[in-house]
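# sharing a model that was predicted from the sequence below.
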Amino acid sequence: MATTLKAPTGAAPSLLHSKHASTHKEEVGTKHFPDELVTGHIYAKHRDDDSTKIDLPSYISVIENIITTADQIIDTVHRGIDGRLVHSDATLAFNVVIEPPLCTLHRISSELSCKAPGIEKAHETTLEIFEILANYPWEAKAALTLIAFAADYGDLWHLHHYSHADPLAKSLAIIKRVATLKKHLDSLRYRQVLLNPKSLIQSCLQAIKYMDEIREFSKYDVKELSELPAALRQIPLVTYWVIHTIVASRIELSSYLSETENQPQRYLNDLSEKMARVLDVLEKHLEILREQHEEVDLYRWLVDHIEHYRTDITLVVPKLLSGKTETKPLIDGSTLREVGVYESLSGKNVILVISGLDISEDDIKAIHNVYDELKSRGTNYEIVWIPIILESNHEDDHKKYEYLRSRMKWYSIQFTTKISGMRYLEEKWQLREDPLVVVLSPQSEVVFMNAIHLIRVWGTEAIDFKEDRAKFLLRKNWPDSTLVKFTHQPRLQSWIKQEKSILFYGGKEPMWIQQFEERVEILKSDPLIRDGGSFEIVRIGKNAKGEDDPALMARFWKIQWGYFIVKSQLIGSSASETTEDILRLISYQNEDGWVVLSVGSAPVLVGRGILILKLLEEFPKWKQSLRLKAFPDAFRDYFNELALKSHQCDRVILPGFSGYIPMIVNCPECPRFMETGISFKCCHGGAHM
């Protein structure tokens, strides 16, 4: 997979040497090789090329086995035991087979041998190795260089190990001057390069392992692993420093064998620090990638076991919460005891209430009514509250959580529980700012996707939260479900039974309310109205004391939305006159005034306030029609005439409701589809809810 990192402008191989040509080698360290300059040298001639691949995991196993076995031989030398090494059964059973490109390895070994000490020579040699390995992927370049080093290093100690009993091994060991290595085994420099879990060579091996793991993740879509591109961009630079470090280590090893000048100590220290930083960067990328990978695996598991296979609810709920088959105990709101998921939910229909800490008192009361009704009926249902809380929560969040939990009789998850299945909640169940209420069967089948709207509109009537029940409730006239409960008119039910004409009205502008009421009084005084066209008016939005109640109106509009969403989900939004009526009313939420005319509870029209006032003002123009038509027919017909003369399409802004939202909606004022706009809101660093 090709990376997209470019060489910095103006970077060229010649610049590095000309810049430091007169600098003493002891003064030149890795700080003179900034990453931007190094990548410039790499990309001046090299690109990621996977035309020649290797079995990287097998190469890593062989390298690790060589170095580990060599270290064991060195340990026997340290302890003064130059006899045969006793291998474990696991070591003897090692049977990984690789087929390395021998000629290429010989060329690399040749490049590694007998070089002058210092960073500039190591850099030059590294670029030569890049040329040799041009057709290999980046991490393969590093692995082949390390196996060339390991082959030479392992050969030295293998010859030493057998030199006491094998004349041929002894002769070869003499030629390669293996004995001189023993002089350096106790030195800090040797341990810095080799004999240490954090040595330069071990760091190189670990970096190759990390690069291999990152490449394994590249089989996933970057849309699923968003960290992947950034991690992959590190690989060319990491490859450079791994090969550079191997070159420097081989030069140091050659100095022991030939008893010539060593690498500058400062340079080795710089490389140790550099490789530590390289590993730290890779570890951070991998930590994020592993988390994202776990999220992907969990997401796929939830998709399979909720949508395709029937899975016990006591397995799905823990996976949704913690990503595992076990999770922290639930808190029983009625006893405040901690209870296990299995004992509390096994065999039950489960209603998941998923919300932020801003869940409204109205919603809690509505869910309480449902909970009490379920318990009184002895039904096989349990409710579980899943609060969505920021990881960087504050003390106020904890207090708010405790307060809300104290209001709930049902089960709650604990404050410190991190919701592992957030991606599933957001993508599949479309969790947004609004609470999400999902009803699951004992086998984790979704019975109703977002029952919060059922509960808001119909309360306990929504039980048992099945589609057939919802469709039955939708057969009622929508004013019964969405208007009647927002008035304190004591005679309303009597008027509905008598099928009287009723004008439900409301609005944001008190002046409009006043003008409407004054004009209605004028109409009611007319003989034609008194003789047979009588009607009643009912104000929406006043509490029991007769005062305007903003909280009541906020709930009113939420219920209109709830009815619209439920009807759209179950029946469709583009072919239902009832849905268009509700949508028209919703579009008037910020108007000065609005009116719903019904006969009994059967809706006749929904009108914008400005047209309603005009209709009332022009009563003389249409009142004669009352001799031939009933009041609601005459009212509707003249209203439609006015609407045609002053057509105004509507604009509806959809709040952040959770669950499925219809994307194709007819304009309630004309037959055309409404345009759909998309708004993007970044929640980075903020709450999901």
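Right, received. Where do you want to start?
# what's the pLDDT at the residue nearest to Thr260 when sequence neighbours are not counted?
Distance criterion CB to CB, 6 or more residues apart in numbering; nearest residue to Thr260, sequence neighbours excluded, is Ser254 at 7.6 Å. Yep, even glycine has a C-beta here, placed from its N, CA and C like the rest. pLDDT, Ser254: 83.
# need phi/psi at Val350.
The phi and psi values for Val350, taken as degrees, to the nearest 10, are phi -120, psi 130.
# what's the answer for Gly607, then?
Torsion angles, degrees, to the nearest 10, at Gly607: phi -130, psi 150.
# list the contacts for it?
Residues in contact with Gly607 (CB atoms under 8 Å, 6 or more residues apart in numbering) are 594-597, 615, 639, 643.
# any idea which of the residues you listed the model trusts least?
Ranking the contacts of Gly607 by pLDDT, Ala643 lands last with 87.
# that one in helix, strand or coil?
Put simply, Ala643 is helix when judged by DSSP: H, G, I helix; E, B strand; the rest coil.
# name the element Met553 belongs to?
Following DSSP states H and E, one finds Met553 within helix 550-570.
# buried ones in that helix?
For helix 550-570, a neighbour-count test (16 or more other CB atoms under 10 Å) marks 552-553, 555-569 as buried.
# and what of stretch 114-133?
115-127, 129-130, 132-133.
# restricting to C-alpha, output it in CSV.
Taking Å, rounded to 0.1, in the frame of the first residue of the first chain, the C-alpha atoms of stretch 114-133 are listed here in CSV:
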residue,chain,number,x,y,z
CYS,A,114,34.0,-2.9,7.2
LYS,A,115,32.6,0.6,7.2
ALA,A,116,34.1,3.6,8.9
PRO,A,117,32.4,4.8,12.1
GLY,A,118,30.1,7.8,12.2
ILE,A,119,26.7,8.9,11.3
GLU,A,120,27.4,10.1,7.7
LYS,A,121,28.8,6.8,6.6
ALA,A,122,25.8,5.0,8.2
HIS,A,123,23.5,7.3,6.3
GLU,A,124,25.3,6.7,3.0
THR,A,125,25.2,2.9,3.6
THR,A,126,21.5,3.0,4.5
LEU,A,127,20.7,4.7,1.2
GLU,A,128,22.8,2.1,-0.7
ILE,A,129,20.7,-0.7,1.0
PHE,A,130,17.6,1.2,-0.1
GLU,A,131,18.8,0.9,-3.6
ILE,A,132,19.5,-2.9,-3.2
LEU,A,133,16.0,-3.4,-1.8
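# how far does that stretch sit from its chain's centre?
In terms of CA atoms, centre = their mean, to the nearest Å, the centre of stretch 114-133 is set 44 Å apart from its chain centre.
# that one - what's its average pLDDT?
90.
# hmm, back to that, surely the residue nearest to Thr260 touches Ser109?
No: using CB atoms under 8 Å, Ser254 is not in contact with Ser109, being 11.4 Å away.
# before we move on, the earlier item: check which helices and strands the host helix or strand of the residue nearest to Thr260 sits against.
Per DSSP H and E, Ser254 falls inside helix 228-258. The helices and strands touching helix 228-258, judged by 3 or more CB pairs under 8 Å, 6 or more residues apart in numbering; DSSP states H and E, are helix 35-45, helix 102-112, helix 119-132, helix 138-162, helix 188-193, helix 200-217, helix 265-302.
# which residue sits farthest out from the middle of this structure?
Pro527 (66.9 Å; CA atoms, centre = their mean).
# roughly how far does that residue sit from Lys623?
Using CB to CB, to the nearest Å, one gets 10 Å for the distance from Pro527 to Lys623.
# check Lys418 too.
Going from Lys418 to Lys623 by CB to CB gives 67 Å.
# so those two - more neighbours on which side?
Lys623 (17 against 10; other CB atoms under 10 Å).
# any idea which element the spatially most central residue of the chain lies in?
Nearest to the mean C-alpha position of the chain, by CA atoms, centre = their mean, lies Arg423 at 4.5 Å. Element membership for Arg423 (DSSP H and E) is helix 422-427.
# tell me what whichever helix or strand comes after that helix is packed against?
Using DSSP H and E, the helix or strand that follows helix 422-427 in sequence is strand 436-440. Where contact means 3+ CB pairs under 8 Å, 6+ apart, strand 436-440 is packed against strand 349-355, strand 446-448, helix 452-458.
# just these: most buried one?
Mean neighbour count (mean count of other CB atoms under 10 Å) peaks for helix 452-458 among these, with a mean of 25.
# CA atoms only: put the helix holding Met553 into CSV for me.
Taking Å, rounded to 0.1, in the frame of the first residue of the first chain, the C-alpha atoms of helix 550-570 are listed here in CSV:
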residue,chain,number,x,y,z
PRO,A,550,-43.7,27.6,27.7
ALA,A,551,-42.8,24.2,29.2
LEU,A,552,-46.2,22.9,28.2
MET,A,553,-45.8,24.2,24.6
ALA,A,554,-42.3,22.6,24.4
ARG,A,555,-43.8,19.3,25.2
PHE,A,556,-46.7,20.0,22.8
TRP,A,557,-44.3,20.4,19.8
LYS,A,558,-42.3,17.4,20.9
ILE,A,559,-45.4,15.3,20.7
GLN,A,560,-46.3,16.6,17.3
TRP,A,561,-42.9,15.6,16.1
GLY,A,562,-43.3,12.2,17.8
TYR,A,563,-46.5,11.5,16.0
PHE,A,564,-45.1,12.6,12.7
ILE,A,565,-42.0,10.4,13.1
VAL,A,566,-43.9,7.3,14.2
LYS,A,567,-46.4,7.7,11.3
SER,A,568,-43.6,8.3,8.8
GLN,A,569,-41.7,5.2,10.0
LEU,A,570,-44.7,2.9,9.9
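# beyond that helix, next helix or strand please.
helix 577-587.
# hmm, back to that, do you know which of the helices and strands packed on strand 436-440 lies nearest Trp301?
Trp301 lies closest, by CB to CB, to one member of those: strand 446-448, at 15.8 Å.
# so Glu382 bridges to which residues?
Under the criterion DSSP bridges, Glu382 forms beta bridges with Val350.
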